[in-house]
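>>> Fold the following and give me the result.
(one chain, ligands or ions: 1)
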Amino acid sequence: MNTNRSIAIICGSLRKDSYNRKLMNLISEKAPDHWTVSEIQIETLPFYNADIEAEGDPESVHMLKEAIGHADGVIVVTPEYNSGTPAVLKNALDWASRPVKTTVLKQKPFAIAGASPGGAGSAHSQNQVRQTLLTLDAYTMPGPKLLVSAVHQKLNDEQTALNDEGTVRRVEKFVTSFDAWINHFN
Ligand SMILES: Cc1cc2nc3c(=O)[nH]c(=O)nc-3n(C[C@H](O)[C@H](O)[C@H](O)COP(=O)(O)O)c2cc1C
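Here you go, the predicted structure:
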């Protein structure tokens, strides 16, 4: 009998037709039946500013921390911008890291995925997210990695969803592995 799991998912792209959002949708679709997957919105977070923080977390920050805090695991799906993590995603992780001593990221199981039209499938961005999470003592799944390269060639005819057979198989393995990874800690 599998334990019910609440999984939070964060997309590092705000673009309406985002490839990473399509990857996020495929991950949600292939999630095990005992997962409840909910997206954490990061679009409305202010830029991290200690002065804002000193006045108390804005509602959007409060909701971000609550959502991560209550999740059994978090999946980050990230594009790559100029060989790095998009600012909007790094900003969300920076807010979530505060205060460092009691951060909701500490000992939280994480998995990282990403897609790019390029050949490396957001590898640099994913590595930077991994490094940030390591700093915060999160438990990031070492593998299997999910790097979708040439993502624009892996869509259905309508260009609305990822349907490439190899990608679907890798996503299935990714979610099954993350389920097992979470079981190590709970
Ligand atoms: C500012 C900027 C920088 C980019 N830098 C990279 C990069 O370093 N590596 C890469 O593979 N793609 C890069 N790209 C292309 C993105 O991978 C591509 O725009 C992708 O569609 C973004 O993800 P999304 O579709 O989920 O929004 C960059 C795009 C932008 C807008």
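
>>> The ligand contacts on this protein?
Counting by C-beta under 6 Å from any ligand atom, the residues of the chain close to the ligand are 13, 15, 18-20, 79-83, 116-118, 120. C-beta: built from backbone N, CA, C; applies to glycine.

>>> Buried subset of those as a ChimeraX selection?
Buried subset of the residues of the chain next to the ligand, written as a ChimeraX selection, criterion 16 or more other C-beta atoms under 10 Å:
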select :13,18,19,20,79,80,81,116
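
>>> Tell me where the model's unsure across this protein.
1 (pLDDT under 70).

>>> can we see that at 90?
1-2, 186 (pLDDT under 90).

>>> so who does the spatially closest residue to residue 9 that is not a sequence neighbour touch?
Computed as C-beta to C-beta, 6 or more residues apart in numbering, the closest residue to residue 9 that is not its neighbour in sequence is residue 75, at 4.6 Å. Contacts for residue 75 were tallied using C-beta atoms under 8 Å, 6 or more residues apart in numbering; they are 7, 8, 9, 10, 24, 27, 110, 111, 112, 113, 178.

>>> From these, pick the one nearest residue 133.
Set against residue 133, the nearest of these by C-beta to C-beta is residue 110 (5.4 Å).

>>> Show me what the longest helix seen in the chain is in contact with.
Determined from DSSP state H, the single longest helix within the chain is helix 165-183. The contact list for helix 165-183 (C-beta under 8 Å, 6+ apart) reads 2-3, 5, 23, 26-27, 30-32, 35, 72-73, 75, 109, 111, 113, 139, 141, 143-144, 146, 148, 154, 162.

>>> Would you mind checking those for buried ones?
5, 23, 26-27, 30-31, 35, 72-73, 75, 109, 111, 113, 139, 141, 146, 148, 154, 162.

>>> Can you tell me the centre-most residue of the protein?
Centrality entry for the chain: nearest residue to the mean C-alpha point is residue 76, 0.8 Å, by C-alpha atoms, centre = their mean.

>>> residue contacts, it?
Contacts for residue 76 (C-beta under 8 Å, 6+ apart) come out as 9, 10, 12, 89, 110, 111, 112, 113, 129.

>>> What about the residues of the chain next to the ligand, which are in helices?
Mapping the residues of the chain next to the ligand onto helices (DSSP H) picks out 19, 20.
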